[in-house]
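Peer 1: Test case, fold it:
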Amino acid sequence: MDATKTLEKRSLGAEKAGDSVLAVGPIAPSGGEAISLSVIMPTVSWTGCFEPCVRAVLEHSAALGGGGAEVLVVFDGVASPPPVWLTDAGVKVFTTGDCRGPAHARNLGAAEANGNVLLFLDADVEVATDALERIRTAFAVTPDLVALFGSYDDAPACRGVVSQFRNLLHHHTHTSHPGRAASFWSGCGAIRSAALFDVGGFDDDFRHPSVEDIELGLRVQAAGGRIVLDPAVQCKHHKSWSLRSMVMTDIFRRAVPWTQLILENHDLPATLNLDWGNRLCGAAALFSASLLPLSIAIGSWWPLLAVPAVLLAMAWMHLDFYQLCLRRRGVAFALAAFALHWLFFLYSTLTFAAVVIGSKVSLLLTRLPRPRFFSAPPETSNQRRN
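Peer 2: Okay, the predicted model is just below:
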């Protein structure tokens, strides 16, 4: 399918559902309506962890009653022929034709899906055995539920220190914030198809994996949609992280665009990564990092005496996370996780501050009066007569 037809098909889908194109609230079905589930996975490769992740969906779908789930895979870019095992399994395969990003790929898949609930999975995410059934049941028994997302499990596939830390941190963040949510997660997140059509789908302007799912969740919530984080809906992450990829992704694909969203919406939600514990830890990391240059500047080591107290306070605020790390990999890993967590708080806080300050300065500059040499030249008498 031509990717340019995505928006047109999405609008047609909303009309067929009999809903307005503005309100999310009215799309909730009456109790007892059958839930048909479509699983949509964008990918950029047929190899690697993609195969076991898709096979897990197919296996768990076959165990569902009512014919299982429809599975759609959207290749973002110019694809080579899909593997035979994929097409033989009845998976619907589409391609965007050129690299447009996962947001566009998900929209294309949604336009082609037949289910009234759409489950978005990343291509490196392997769903747990009961995840599909839990999702279908949640939407069936909760008529006002518009969207739901889950969590990584506590056994990441990649064994590297940074990979284990990053994936366990995501697991801990989601499992410690169950219930009503203010955003959405497309790594393993489901939404009623009519609700997705109503708000216009994912923002295609995100050409790389970023905060397009968070942005979608903000629009769904603003339209009155109820979003729930259910940590019992779990999946295994196969992504391998390096220190560089973690820092660069967190800064340029997460912190910068997320801060811009916060500034645009004039709202700083106190949930997930932005709860008060994380905000305090961010401030503590920044304060502790400033003590060494302060000590050098004043020529005294006295400021450094505060470092242990600050670090202990940070450890106490996230003690349950470090206990998880201790149980999973031992003392050495728990200490490494604390160091990586401190670094995470430091660069995330600095990025947030830089974007906010940059935005304020930019706004101030646009309000300053222009110098005279930028002003339009005065009109001559001939120009005024004409």
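Peer 1: Okay, now the unreliable bits of the chain?
Peer 2: Along the chain, segments meeting pLDDT under 70 span 1-33, 268-273, 370-386.
Peer 1: Let me see the domain layout of it.
Peer 2: Listed by automatic domain parsing, the domain ranges of the chain are 6-241, 273-362.
Peer 1: Including distance to Trp258, could those domains go into a markdown table?
Peer 2: Any C-beta I mention is one placed from the backbone N, CA and C, and that applies to glycine too. Listed next are the domains of the chain as a markdown table, based on distance: least, Cβ to Cβ, whole Å:
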| stretch | distance to Trp258 |
| --- | --- |
| domain 6-241 | 5 |
| domain 273-362 | 8 |
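Peer 1: nearest to Ala255, of these?
Peer 2: Proximity to Ala255 (Cβ to Cβ) singles out domain 273-362 among these, at 3.9 Å.
Peer 1: how much distance is there from the closest one to the middle of the chain?
Peer 2: Remark: domain 273-362 is offset 23 Å from the chain centroid, using Cα atoms, centre = their mean, to the nearest Å.
Peer 1: Going C-terminal from the lengthiest strand in the chain, what's the next secondary structure element?
Peer 2: Criterion DSSP state E: the longest strand present in the chain is strand 226-237. Remark: after strand 226-237, the chain's next helix or strand is helix 243-248, criterion DSSP states H and E.
Peer 1: tell me what that following helix is packed against?
Peer 2: Packing partners of helix 243-248 (3 or more Cβ pairs under 8 Å, 6 or more residues apart in numbering; DSSP states H and E): helix 161-175, helix 331-367.
Peer 1: Mean neighbour count and distance to Arg192 added to these, as JSON lines?
Peer 2: Shown next, in JSON lines, are those (neighbours: other Cβ atoms under 10 Å; distance: least, Cβ to Cβ, whole Å):
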{"stretch": "helix 161-175", "mean neighbour count": "21", "distance to Arg192": "21"}
{"stretch": "helix 331-367", "mean neighbour count": "15", "distance to Arg192": "32"}
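Peer 1: Can you lay out the ones you listed as CSV showing distance to Cys49?
Peer 2: Output for those, formatted as CSV (distance: least, Cβ to Cβ, whole Å):
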stretch, distance to Cys49
helix 161-175, 12
helix 331-367, 23
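Peer 1: same for the helix or strand where Asp320 lies, what does it pack against?
Peer 2: Using DSSP H and E, the element containing Asp320 is helix 319-329. Here helix 319-329 touches helix 161-175, helix 331-367, going by 3+ Cβ pairs under 8 Å, 6+ apart.
Peer 1: Among those, which comes closest to Val78?
Peer 2: Nearest of these (Cβ to Cβ): helix 161-175, 29.6 Å.
Peer 1: hmm, back to that, comparing the domains of the chain, which comes out most buried?
Peer 2: Stretch with highest mean neighbour count among the domains of the chain: domain 6-241 (a mean of 19; mean count of other Cβ atoms under 10 Å).
Peer 1: Of the helices and strands packed on helix 319-329, which is nearest Phe321?
Peer 2: helix 161-175 (4.6 Å).
Peer 1: now the closest one, how far from the centre of its chain.
Peer 2: Per Cα atoms, centre = their mean, the centroid offset for helix 161-175 relative to its chain is 14 Å.
Peer 1: Mind listing the strands the next helix or strand after it pairs with, and their directions?
Peer 2: Once the chain leaves helix 161-175, the next helix or strand it forms, by DSSP H and E, is strand 179-180. Strand 179-180 has the following strand partners under DSSP bridges: strand 226-237 (antiparallel).
Peer 1: measure stretch 249-264 end to end?
Peer 2: Using Cα to Cα, to the nearest Å, one end of stretch 249-264 lies 21 Å from the other.
Peer 1: Can you give the distance of that stretch from its chain's centre?
Peer 2: The answer for stretch 249-264 is 11 Å, by Cα atoms, centre = their mean.
Peer 1: residues of it that come out buried?
Peer 2: Neighbour counts over stretch 249-264 (16 or more other Cβ atoms under 10 Å) mark 249-250, 254-259, 262 as buried.
Peer 1: List the ones among those that fall in helices.
Peer 2: Among the buried residues of stretch 249-264, the ones falling in helices (DSSP state H) are 256-259, 262.
Peer 1: What are the phi and psi values at Phe149?
Peer 2: When quoted as degrees, to the nearest 10, the phi and psi of Phe149 stand at phi -140, psi 160.
Peer 1: Who is it paired with across the strands?
Peer 2: Beta-bridge partners recorded for Phe149 (DSSP bridges): Gly189, Leu229.
Peer 1: you'd agree it is up against Ala232?
Peer 2: No. With contact defined as Cβ atoms under 8 Å, Phe149 does not reach Ala232; the gap is 11.6 Å.
Peer 1: Among the buried residues of stretch 249-264, which one sits closest to Pro81?
Peer 2: Closest to Pro81, out of all of these and judged by Cβ to Cβ, is Thr249, at 30.9 Å.
Peer 1: separation between that closest one and Tyr347?
Peer 2: 11 Å (Cβ to Cβ, to the nearest Å).
Peer 1: got it, and Ala283?
Peer 2: 14 Å.
Peer 1: again, but for Met246
Peer 2: 10 Å.
Peer 1: on that earlier part again, among the buried residues of stretch 249-264, which one lies nearest to Pro83?
Peer 2: Relative to Pro83, the closest of these is Thr249; by Cβ to Cβ it sits at 28.3 Å.
Peer 1: Show the contacting residues for that closest one.
Peer 2: By Cβ atoms under 8 Å, 6 or more residues apart in numbering, the contact set of Thr249 is empty.
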